[in-house]
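In: Requesting a structural model of the entry that follows:
(chains A and B, ligands or ions: 1)
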Amino acid sequence: MSDLAQFGSFLGALAILCPFALVVILGLPALAGAPVTERAADRACRCLIATGLAATLGVLLVMLATGERHLVVNLGNWVTIASHGGADHGHYHFAIKFEFDRLSVPLALLSFALCGTIAAFATRYLHREPGYNRFFVLFSVFLAGMVTASLADTIETLFAGWELVGLSSALLVAFFQERANPARNGFRVWIVYRVSDAALLFAAVALHHMTGEGDFDKLMAARSWPDGQTTLTEGQALLIGSLLLLAAMGKSALVPFSGWLPRAMEGPTPSSAVFYGALSVHLGAFLLLRLSPLIAVSPPLAVAIVAVGLLTALYAHLAGTVQTDIKSALSFASLSQVGLIVAEIGAGHWEPFMWYVALTHLLGHACLRTLQFVRAPSLLRDYRELENALGARLPQQAGPLAVAPGRWRAWLYRFALERGYLDAVLGDYVAAPFVKLFKLFDRWERQWTAFLNQEGASDAPARPALPKPPPDERPAPALAPAPPAPEAVESGS
Amino acid sequence: MNNGPIQHAARRHANCVPHYPHTPIYAQASTLVVVKDLHHPDHAPRDGHTSTPADRFRAAVEHGAHLLPAQGPINVFIHHNTLHAFEALPFETAVAHGAAVFGCEPYLTEARYRDALAKGRIRFSDLREVLADDLGGLALAPVKPHGTRLDLRLAMLQYPLAGGTADELRWLIAETDALTRVRPEASAAARGRLVSETRRWVMRDLRGRNGTNPAWMRDLFARFGLAGIETWPEATWEAFALEALWALCREGARATADTQAPAPPPIRHRDLLLRAGAADTDLWVHDVLTRFTAAFLDQGVSHWPLPGRELGYFKSFCALYSHSGGPPDRWMAGLPAEARALLAAGTDPAAAACDALAALGVPESEWDAFVGATLLPLRGWAGMVHQVETRGDRVALPVPGGSLVEFVAVRLLLEKHAAAYAARESLGDTGPLARLRERLRAAAKPGGPRGEDERAFPVFQLAQLLGWGAGELAALGPDGWAALFAEVDGFPALARRRAFHLAYERRFREQCLDALALHAPQKPRGPRFQAITCLDEREESFRRHLEEVAPDCETFGAAGFFAVPMYYKGAGDAHFVPLCPIVLTPAHWVEERPTGAEEEKARRLKQTRRLLGSVSHRAHVGTRTFAVGALLTATLGVLASVPLVLRILFPRLTARLRGRLGKFVAREPGTALRLERAPECAPAGAPGHLGFTVPEMATQAERLLRDIGLVDGFARLVFVIGHGSNSFNNPHKSAYDCGACGGSPGAPNGRAAAAILNDARVRARLAQNGIAIPAETWFVGGYHNTCDDSVTLLDTEGVPDTHRDALRAAGRDIEQTCARNAHERCRRFMSAPLTLSPQDALRHVEGRSEDLAQTRPELGHATNALCVVGRRERTRGLFLDRRAFLTAYDPTRDDAHGTVLARTMAAVFPVCGGINLEYFFSHVDSPGYGCGTKLPHNITALLGVMDGAASDLRTGLPWQMVEIHEPVRLLIVCETTVDIMQKVLDGNPMGRSMTENGWVQLAVLSPTDNTLKVFRDGAFRDYAPTADALPAAASSADWYRGWREHLEFAEIAPGAAGVEHV
Ligand SMILES: [Zn+2]
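Out: The predicted structure follows:
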């Protein structure tokens, strides 16, 4: 390994280390009960994020200089289970490994640049806010998650980053924890993320089972993105790809999981900007890009991805045209672009160049939307300036849908206003049967225990039949019927 | 008055961080009925035989609408009394009502006041005097075991009495040293007395005859070991005394009945259901209502307006929700069929609401209370429907009258479905809906009196603080205990906070009045220039610094529209905006037009701007559609990172660059106001009526000059400076602009007033009326941006050459003033270091005004507290800490009826009083009366802000704006005699009512000497100053430097050159 390449590895390790150092600097004093001052938090964010950004840029330069398109930083195997059933069974190893390539470097740069800007924004925006330190701790966890996920070279590493992003996002939605709505909506985000996490976890297990390890470079036959070729069969790729698609759908708020996106606007403006305008919502798309070789071998998977993407884009466009508050309007606008990006990724099956298009689209969209989100409170001023320039009231452009025949128009409008009924549909057709099923299990378990108890203590007086279920175990009318206990959301903050 | 719910509210929030959001406790039936009667004493009884139920329902809605917030669209923010609904009541009663009806805080929390006490902001003597005043002859009434009522109440004010539910108390006693150590705040004497008295009692009376002792005492002896009683150490005696005290207090509580009445059961189905453990139906109903109401009121955020909006709220709702295949939300299952039926039958909304009320089982006698309680849970939106419906002239897209009735009708329709579903699904209740409330009330456990421990614990703590021994308490007997509990319960949280608040205001009032009583008037001889600014308290420091920089200048304060009420349209504006106080409706339209030579250039510039505007609007819309959005984001998106990073990291630099770039592209063409009416224009009052006639101008000019008493002694240069505030990312920007200009920047008014006063024909008419403006006097308009502290002088190219030098010199003075003013302002910004130099301070405030991330671009009226109406010489040289509205008024030039004063006061009461009360309530309960923290605000429908994605419309002021405010009622000090003031009040019912009911404090300052009289209990009473001298400093900066808090008033630069002491 040349000196330059070694230097590149060092820079890579530094880039990964920076966000974690930030978590420690901001988080440990808070745990010890003496949170750092606003000034210190500001300075720590500036220094470490700038260092991380510079290091990532350095890696990029090294890669350009050496012509190496694929640089791996390996922190070694953290868990190794030696093989025991012969060579063909393979062994399990859990490596923490990061890679810098044409996909991960732009995303890491984006994460550092946007998070750094938003951190600078937030230090002033949240000045004197009682939750200042909590915000920055969660923010640093978010950044660490983003960087880990974007640079991950194994599916386990990616999962770790993915989880950090999910955890910090849900807690930031519930940032104003003393009000019921943020807590409730944060909880909802959390539920959707758990579904998505479960899918990713299943995908990781399946990948291990099929290839013996979760390392992407092996999966891609050690070729740099996007030219990787998988050794999986078409069927295997479809299975794993579908699980990953499910994971991506939850994280990127694709149909039918879109209901959480507008609800996530509860936090302070900078968190809305960075999570839903820019980074978090693109993470699903990034996951699909990362595993693009799977798409390359499976046409049904590609079709499914294109379909989900286009459906989401259409849905978000329709819902977006009737939103009457600026943050919801922006979040649906954001979603419709994410849908298109996902569709472009699916289209990469036929034309791999589309992956580059999707990546560019993703980067550009993230920057533009962040700017729009942080400017959202200026809406009145911006509208006034536009009106003054035009010399008239702003025209409302309803689009083709508003001229649909009367009955249809009202139906479409209500569909859009009610955000496609997605929450209600999920509540009725997914959550309610789920709850019902588990209640059935619960009943069986109670009966079984009661039965066993009677067996074991036959001389005891006959017990009353079933204990009456407590009143809060009533049928759930929606996804999360009861307001969640605040502790449920607070824990971990 | 029943203050049960108030105490409940107070107890609930006792531990809340003051500005943190909480779920309001909604109205209780009984209080609403009380409020109605007080609020509408002359409400004629409605005749049940001649009017239809629908009429009576409409009347009930109209009645309930009084409780709704009166805030209009956020882009024209008008300050008003948050508790306008109760303005006819005395202030103290009104805040208590507000607390009960809205579930908000009446005053600051006791902890905040105690903090003020610890910091010396409230003096102990103020507290004692307030209590003594209140109690009168009863102050010294003895309270058994010993002490007076005054002592008891002072102790209750001074020390926080821990309280809580029975479970919390059990924890407190089990887990803290509450029963082993006397409270640390108790004085050594009280502690010693408690222990030694108990010891004496035990050793003398109890030890020998344990057999006759009560069970708890025998139990105590057993636990402490009676045998070793002679050798018990001090700590054991302390613990024993506390145990005995606690047991006695509980015994006492057990023996006396609780006098506090339980809270009445809630009136709404939702509250009863929630109490019974069912789902919160408001969550479901609000989800639909918030979205639909926002769509109905939307002024242009959405691209696709609500279909059928013109049909009105009710019909468009029914039309939208009548199609099947709609929301699968089960609670709404019956809605489409019902909506179809209502549409088919063409049911009147009010009639539909009556049916819904009947279905819900609400009898007509309860309608007023029930409709009121139904309006409040979403009061922001309901209030906005009402505002847009009644003041359609203030919005682009008005809504039909009667929309609020329709809103309530839809709400009741939804509540009916939600209540039935919740009762059925959550509680398994399938009985008739009309009797649901009765069933729920019957099933509910009555909210009985407080438990013994809850009542005993405050007495237990007071005994320690006041040194009551166990023996003394044991001797009380049932009557004694009943009296003691009555004493303690007779001074509940609300009364304690009221007493604290009165002391808090008293301190401030004395400080103000002392300053005015001790200050010697000063006035410059033959001023070099004069400046007229708005009476705004933010201009107080500007004027003071100007007078320090140029001691030979004179300043005046007038309402910032400078007596020129107009609809104004700037050269680059799309619409006319009203520039005058909200109470006036302008009859004149004034346009800014490019001057003759520049017209062509202006036309080209306008075209360019229109093109650019059109492109950027398309881009703005485009990023929200997917095809154009995809193209834009994929190709140009990354470029957005450049403005993003620049604007956020270097706001001031970016602003300068933009300004440079703008100048490079095109210099703004010269313009002039079209003030004079052209003969071909439409007649007065019609919308096309551009400009004023000369007599109209002369009348306005005379009005301005006479109001401020500037009728002679004109300087060569007179500045008329309007003000406004420039900031980014600030939906509440309008609230920072000039209130006298209807929440818009007042530059055009200053410019217009100067132009009018420079007109020779106007001057000729003024001279006929006795105001001779010398020919060498020239008026110059100006604009003070209170956010970045810049002053722009307008139309300076018209200034005669003879005045150029004087103008340049005055301009330099003004520039220096701006820097000093910025410096003084910076001491209040926690993020601005105290070591800034004036020039740094100026850069700091410039940065603030351009910063996207800045939630406190400036602090608005946060320091308002005082209003002085009188000659500037009475306050000149006083450091008033930006706390005083300064209205110029010369009593020596007014007539015996106070004609001029009456005009001035007609504006002072609503404008200054409104600002003061809005800040008061937004600070006292930020999430309840104000709109909470700014951080999650989300502009909706271009009318207001919500918290996050969907919430009630948040009215009032954000916490960041009122954070440093000191909530005291406005103290108005008028330089006039009591006689004239009485006459003025007689002619001003609003002012009289505000004064008599204590919404403002009023005092008069004698025009001839320094004596003051304060209005109290219906009459003006002499004020005796409490201080002999004021602190003094060489300059304002010397006085305020290094301090962040509010400061005492001080004399600045006594004996400065050029200033004559009158
Ligand atoms: Zn003003």
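In: In the chain, which residue is most central in space?
Out: Chain wasn't specified; assuming chain A. The residue lying closest to the centre of chain A (CA atoms, centre = their mean) is A:K251, at 3.8 Å.
In: ah, no, chain B please
Out: B:E918 (2.3 Å).
In: Pretty sure it sits in a strand.
Out: No: counting by DSSP: H, G, I helix; E, B strand; the rest coil, B:E918 is not part of a strand but helix.
In: Excluding sequence neighbours, find me the nearest residue to the residue nearest to the centre of chain A.
Out: Nearest non-adjacent residue to A:K251, counting by CB to CB, 6 or more residues apart in numbering or on different chains: A:G284, 4.0 Å away. The way it works is simple: take the backbone N, C-alpha and C, and place the C-beta from them, glycine included.
In: Give the next helix or strand downstream of the helix or strand that neighbour falls within.
Out: Assigning secondary structure by DSSP states H and E places A:G284 in helix A:283-290. Sequence-wise, the next helix or strand downstream of helix A:283-290 (DSSP H and E) is helix A:292-297.
In: Distance from the chain centre to that following helix, please.
Out: 21 Å (CA atoms, centre = their mean, to the nearest Å).
In: what's in contact with it?
Out: By CB atoms under 8 Å, 6 or more residues apart in numbering or on different chains, the residues outside helix A:292-297 that reach it are A:219-220, A:225-226, A:228-230, A:232-234, A:237, A:240-241, A:244, A:288, A:301-302, A:305, A:345-346, A:348-349, A:352, A:355.
In: So what's the residue count around B:P307?
Out: 20 (other CB atoms under 10 Å in any protein chain shown).
In: part of a strand, is it?
Out: No: assigned with three-state DSSP, B:P307 falls outside any strand and is coil.
In: My read is that it contacts B:K315, right?
Out: No: counting by CB atoms under 8 Å, B:P307 does not reach B:K315; the two are 11.2 Å apart.
In: and chain B, which of its residues are near the ion?
Out: B:534, B:536, B:560, B:738, B:740 (CB under 5 Å from the ion).
In: swap the cut-off to 6 Å and go again
Out: B:534, B:536, B:560, B:723, B:738-740, B:746 (CB under 6 Å from the ion).
In: B:A419: which of those is nearest?
Out: The shortest approach to B:A419 among the residues of chain B next to the ion belongs to B:G739, at 43.8 Å (CB to CB).
In: what about the closest one, neighbour count?
Out: 28.
In: quick one: it from B:D789, how far?
Out: 19 Å (CB to CB, to the nearest Å).
In: Same question for B:L378.
Out: Distance, B:L378 to B:D789, by CB to CB: 41 Å.
In: more crowded one of those two?
Out: The neighbour comparison of B:L378 against B:D789 (other CB under 10 Å) goes to B:D789, with 27 against 22.
In: my read: B:T290 touches B:A949, true?
Out: No: between B:T290 and B:A949 there is no contact under CB under 8 Å: 9.5 Å.
In: Looking at those two, which is more packed in?
Out: Neighbours per residue, other CB under 10 Å: of B:T290 and B:A949, the larger number sits with B:A949, 25 against 22.
In: What is the neighbour count of the residue lying closest to the more buried one once chain neighbours are set aside?
Out: Using CB to CB, 6+ apart and skipping residues adjacent in sequence, the residue nearest B:A949 is A:M265, 4.2 Å away. Residues contacting A:M265 under the criterion other CB under 10 Å number 29.
In: Spit out the contact partners of A:M265.
Out: With contact taken as CB under 8 Å, 6+ apart, A:M265 is in contact with A:272, A:276, A:327-328, A:331, B:936, B:938, B:948-949.
In: All the helices of the stretch 201-350 of chain B, in order from the start?
Out: B:215-224, B:234-255, B:269-275, B:281-297, B:313-321, B:335-345, B:349-359 (DSSP state H, counting those that start in this stretch).
In: so can I have a markdown table of those helices showing mean pLDDT and distance to A:D42?
Out: Formatted as a markdown table, those follow (pLDDT from 0 to 100; distance: least, CB to CB, whole Å):
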| stretch | mean pLDDT | distance to A:D42 |
| --- | --- | --- |
| helix B:215-224 | 86 | 57 |
| helix B:234-255 | 90 | 49 |
| helix B:269-275 | 92 | 43 |
| helix B:281-297 | 94 | 36 |
| helix B:313-321 | 93 | 48 |
| helix B:335-345 | 92 | 52 |
| helix B:349-359 | 94 | 55 |
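In: between those helices, which gets nearest to A:G67?
Out: Using CB to CB, the nearest of the helices of the stretch 201-350 of chain B to A:G67 is helix B:281-297, at 55.6 Å.
In: and the residue of the stretch 301-450 of chain B nearest the ion?
Out: B:R394 (19.5 Å; CB to the ion).
In: For that residue, which non-adjacent residue is spatially closest?
Out: That would be B:G72: by CB to CB, 6+ apart, it lies 5.5 Å from B:R394.
In: Number of residues surrounding that neighbour?
Out: B:G72: 24 surrounding residues under other CB under 10 Å.
In: That one is in contact with B:R391, isn't it?
Out: Yes: B:G72 lies in contact with B:R391 (CB under 8 Å); the separation is 6.0 Å.
In: hmm, which helix or strand of chain A has the shakiest average pLDDT?
Out: Sorted by mean pLDDT, DSSP states H and E, the helices and strands of chain A end with helix A:486-490, the least confident at a mean of 38.
In: Spell out which residues of the stretch 451-600 of chain B are next to chain A.
Out: Remark: the part of the stretch 451-600 of chain B in contact with chain A comprises B:570, B:572-575, using CB under 8 Å from any CB of the partner chain.
In: For those, which two are the farthest from each other?
Out: B:G572 and B:H575 (11.5 Å).
In: ok, A:H208 to the ion distance?
Out: 70 Å (CB to the ion, to the nearest Å).
In: I misspoke; the intended subject was A:A410.
Out: Distance from A:A410 to the ion, by CB to the ion: 47 Å.
In: Which helix or strand contains that residue?
Out: Residue-wise, A:A410 maps onto helix A:406-417 under DSSP H and E.
In: For that helix, list the C-alpha coordinates in PDB.
Out: Coordinates of the C-alpha atoms in helix A:406-417 are reproduced here as PDB (Å, rounded to 0.1, in the frame of the first residue of the first chain):
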ATOM      1  CA  GLY A 406     -67.400  17.600 -10.400                       C
ATOM      2  CA  ARG A 407     -67.800  14.300  -8.600                       C
ATOM      3  CA  TRP A 408     -64.300  13.200  -9.300                       C
ATOM      4  CA  ARG A 409     -62.900  16.600  -8.400                       C
ATOM      5  CA  ALA A 410     -64.400  16.500  -4.900                       C
ATOM      6  CA  TRP A 411     -63.300  12.900  -4.400                       C
ATOM      7  CA  LEU A 412     -59.800  13.700  -5.500                       C
ATOM      8  CA  TYR A 413     -59.600  16.800  -3.500                       C
ATOM      9  CA  ARG A 414     -60.700  15.000  -0.400                       C
ATOM     10  CA  PHE A 415     -58.300  12.100  -1.100                       C
ATOM     11  CA  ALA A 416     -55.500  14.700  -1.300                       C
ATOM     12  CA  LEU A 417     -56.700  16.700   1.800                       C
END
